[in-house]
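Student: Structure, please.
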Amino acid sequence: MSPKMVVVNLILLNGGTLIGRTRLQKQAYLADCCGAELHELDFIYHYYGPYSFDLADGCVNAVAESLVTMEERYGQYRTPYTVFEAIRTPQSAGIGKLSPQQSKKVVDSTNQASSVALELAATAAFLQRQGVYNGRVMEELKLRKSLKATEENLKEARQLLEALGLDALDEEID
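Tutor: Numbers count the residues shown, from 1 in each chain. Alright, predicted model coming up:
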């Protein structure tokens, strides 16, 4: 599936509107972890966890082809955020090899989590996939995200991962 279509389908699965580039990135990454097999997207570790420049380019291409709109807005403390809207009518869409129902489960589960828990969950899944933190994902997560990795946020991140059938935070929370 092309990066552009991953963007379009994620927005459609979010009811036609998706708020936040970070949420878009984390939803795509967790869909990949859940079996979407998005081989067209290379993810690296970035400020807020896994990030794909390919997916960012997909956003630009989707806008250029008039499939979605992308509007920058400002929230509290003038913090910028992006609102993505699908131009075509929302319909049943899947992400990669996930069925529309499986894709919707990923989107709905991630939308129930706070942005911090979503970031922690995606980062934990990323660290686990790297394979170099075996048995130490929690330790590494706390090092990288020390201010965000509170007991409450880690609990919520674990709940999200469990809802998705992922075990990246199977270690005990200290």
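Student: which other helices and strands contact the host helix or strand of residue 82?
Tutor: Using DSSP states H and E, the element containing residue 82 is strand 80-86. The contact analysis (3 or more CB pairs under 8 Å, 6 or more residues apart in numbering; DSSP states H and E) places strand 80-86 against helix 3-13, strand 17-19, helix 21-31, strand 68-74. In short, each C-beta sits where N, CA and C put it, glycine included.
Student: and the ones you listed as a markdown table, adding mean neighbour count?
Tutor: Shown next, in a markdown table, are the helices and strands packed on strand 80-86 (neighbours: other CB atoms under 10 Å):
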| stretch | mean neighbour count |
| --- | --- |
| helix 3-13 | 24 |
| strand 17-19 | 18 |
| helix 21-31 | 25 |
| strand 68-74 | 13 |
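Student: Let's have the ones you listed in JSON lines, adding distance to residue 51 and mean pLDDT.
Tutor: Listed next are the helices and strands packed on strand 80-86 as JSON lines, based on distance: least, CB to CB, whole Å; pLDDT from 0 to 100:
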{"stretch": "helix 3-13", "distance to residue 51": "13", "mean pLDDT": "95"}
{"stretch": "strand 17-19", "distance to residue 51": "16", "mean pLDDT": "96"}
{"stretch": "helix 21-31", "distance to residue 51": "5", "mean pLDDT": "98"}
{"stretch": "strand 68-74", "distance to residue 51": "17", "mean pLDDT": "96"}
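Student: on that earlier part again, Provide the strand pairings for the strand holding residue 82, with the direction of each partner.
Tutor: Paired neighbours of strand 80-86 in the sheet (DSSP bridges): strand 17-19 (antiparallel), strand 68-74 (antiparallel).
Student: out of the ones you listed, nearest to residue 40?
Tutor: Counting by CB to CB, residue 40 lies closest to strand 68-74 out of the strands paired with strand 80-86; the figure is 17.7 Å.
Student: give the contact list for residue 41.
Tutor: 3, 6, 28, 32, 52, 54-55 (CB atoms under 8 Å, 6 or more residues apart in numbering).
Student: which one among the residues you listed gets closest to residue 143?
Tutor: Taking CB to CB as the measure, residue 143 lies nearest residue 52 of these, at 23.2 Å.
Student: Give me the distance between the closest one and residue 107.
Tutor: 17 Å (CB to CB, to the nearest Å).
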